[in-house]
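In: No letters, just coordinates:
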């Protein structure tokens, strides 16, 4: 006979030990002894899920049965919940009396067992598998926080490894994603019982919480009434094991993160843990914000729910398949909770699986603006907004504060932009890809030359549902150019020329689009003057109409109707004998003082006050001395230099702009 080597002998012994260890399941995990043998029982007062346990409490936990599997029903669930789940017994931790009205307010019970860990040879991890169902009152009349509600909890603690908590599985009544269903009413208010049908959970050790074969693992199963004392809760438990449960089971896995607008795939692994072949029926309802579109198995059909039937699955047989769906845009910034799926077979409870949580982050948004380097007063300026998004963003909108001297005109992109109180808001709706659009603003004529038109990065932003406003990435600056080719930046009269131009006054000089030529050093004529004065009196949009011509020398002159309006307003009576106007003649400074002061006092007639002798070059005997004096004392004119008025000097168009602005108090340009 061939002699075995020491290595082979050791391997055989190890295999025998491992096989024995795999069979060393949780003692009385199916409670088929009809009692809590191998379990320690304790009670405490619930002060809140994360609060320290209060001393006291009463032992209300019992083993329910004997009865045929699924032959008993829980009245608080309207008879829907059936037990025992497997065999003849299940455990009920705590009871419906765990509230003030039942005599055991805030009562909580725990059952505990120490087991020696074994590692599953398939994945080399320690497992705890169990099925549970629960019945608890949801406090609707007096809403509670999640911390205060009735709850149940299963923990596994590695006491060999410094009390490392391997897994901590819990649920409070009504918790999203746990498929809580509505039972009967509770009391006379709006409170009601909710329940979870049988659910299968497989908790495994992990790299972060390793378990070695032989480690001592303490199992704790707890159920508690609410921490305020008015609402009971209890949990049924069956098939607590580190092996397989004695019936069909299903577990889903899925991604921990995903993106709104993308696809998601769940993988479902099922097993017939019974000794005999069985037909397995699976139902899968998509989680909120997911629409199922396809599955990978011919035995499945439908989408809401997906229904699968696997016929004659052998005892111990397993299988898996996938279901794929689309994540809606509404999921951005939420967590998908997929727990509404279950498996059932004749003679066994329909059990669900662990809830799969998938975080769907809110979109990350960016926004930057750009625009031309220069701008003209009285022109239009177009901003281009470019936005990016990492996922679907719902109700996205761009808002920007209008820079000074601008008003909203229009936008592109098919969006609706609305100005209000100096802020333009553009509703983009749901965006799933990067994009851009333009917004055009009008720049008013009083934007001061050589001061920048600026949209700072903090003056515009993008936001969406579940996404706080994010400021822009760049500041947009445009230099303001002069609107006149012959009145450059720095010209002494530029602000005054721009002021009267903004009011609509100037006339009589050539234009070259888009810039206006003002001819600042050209003397103004009497015909041009009539337009300046009339528009200053009546407004820049004034139209004199077509009155009858009374002056013999203006019948074909371009300013003939303006001249007649000036006469009608009492500002002029013509030149010479009054039958002519001399429209192309220049105007002296003293003559202009008369026109300005009469125009300023319109519609009343004006008589200047007595002379004050303000100007040394305008003697008291001069016919226009009172008009010249008043023009100076009123602050309209500061003279021509050296304290003089220069009454007979011609008035240049640049000087006319200053006189008009000061006479009629027209606003000057500002930054």
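Out: Arrived safely, thanks for sending. Everything quoted here is computed from the prediction, not taken from an experiment.
In: Low-confidence bits of the stretch 301-450 of the chain, can you list those?
Out: Across the stretch 301-450 of the chain, nothing is flagged by pLDDT under 70.
In: what about 90?
Out: Within the stretch 301-450 of the chain, the stretches with pLDDT under 90 are 329-330, 332-334, 339-340, 352-355, 390-392, 394, 432.
In: what do you get for the stretch 451-600 of the chain?
Out: In the stretch 451-600 of the chain (pLDDT under 90), the answer is 465-466, 506-516, 573, 576-578.
In: ranges for the helices of it?
Out: For the stretch 451-600 of the chain, the helices defined by DSSP state H, counting those that start in this stretch cover 494-503, 526-538, 560-568, 589-601.
In: Adding mean neighbour count and distance to residue 365, write the ones you listed out as CSV.
Out: Glycine gets a C-beta too; all of them are placed from N, C-alpha and C. Converted to CSV, the helices of the stretch 451-600 of the chain look like this (neighbours: other Cβ atoms under 10 Å; distance: least, Cβ to Cβ, whole Å):
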stretch, mean neighbour count, distance to residue 365
helix 494-503, 23, 39
helix 526-538, 25, 49
helix 560-568, 22, 57
helix 589-601, 23, 56
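In: any chance of those in CSV, plus distance to residue 488?
Out: Formatted as CSV, the helices of the stretch 451-600 of the chain follow (distance: least, Cβ to Cβ, whole Å):
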stretch, distance to residue 488
helix 494-503, 8
helix 526-538, 22
helix 560-568, 29
helix 589-601, 25
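In: Please parse the protein into its domains.
Out: According to automatic domain parsing, the chain comprises the domains 6-241, 248-360, 365-480, 494-664.
In: Could you point out which of the helices of the stretch 451-600 of the chain sits nearest residue 170?
Out: Ranking the helices of the stretch 451-600 of the chain by proximity to residue 170 (Cβ to Cβ) places helix 494-503 first, at 71.6 Å.
In: Could you tell me the angle between that closest one and helix 526-538?
Out: 70 degrees (axes from the mean of the first three to the mean of the last three Cα atoms, to 10 degrees).
In: Could you count how many residues lie near residue 229?
Out: For residue 229, the count of nearby residues is 17 (other Cβ atoms under 10 Å).
In: What's the local residue count around the residue nearest to it when sequence neighbours are not counted?
Out: Once flanking residues are discounted, residue 229 sits nearest to residue 105: 3.6 Å by Cβ to Cβ, 6 or more residues apart in numbering. Using other Cβ under 10 Å, residue 105 has 21 neighbouring residues.
In: Return the residues in contact with residue 105.
Out: Going by Cβ atoms under 8 Å, 6 or more residues apart in numbering, residue 105 touches 98-99, 225, 229-230.
In: all helices for the stretch 51-200 of the chain, in order.
Out: Going by DSSP H, counting those that start in this stretch, the stretch 51-200 of the chain shows no helices.
In: from memory residue 56 sits against residue 44, does it?
Out: Yes: under the contact definition of Cβ atoms under 8 Å, residue 56 touches residue 44, with a separation of 7.1 Å.
In: what about these two, which has more around it?
Out: Remark: of residue 56 and residue 44, residue 44 carries more neighbours, 18 against 11, as counted by other Cβ under 10 Å.
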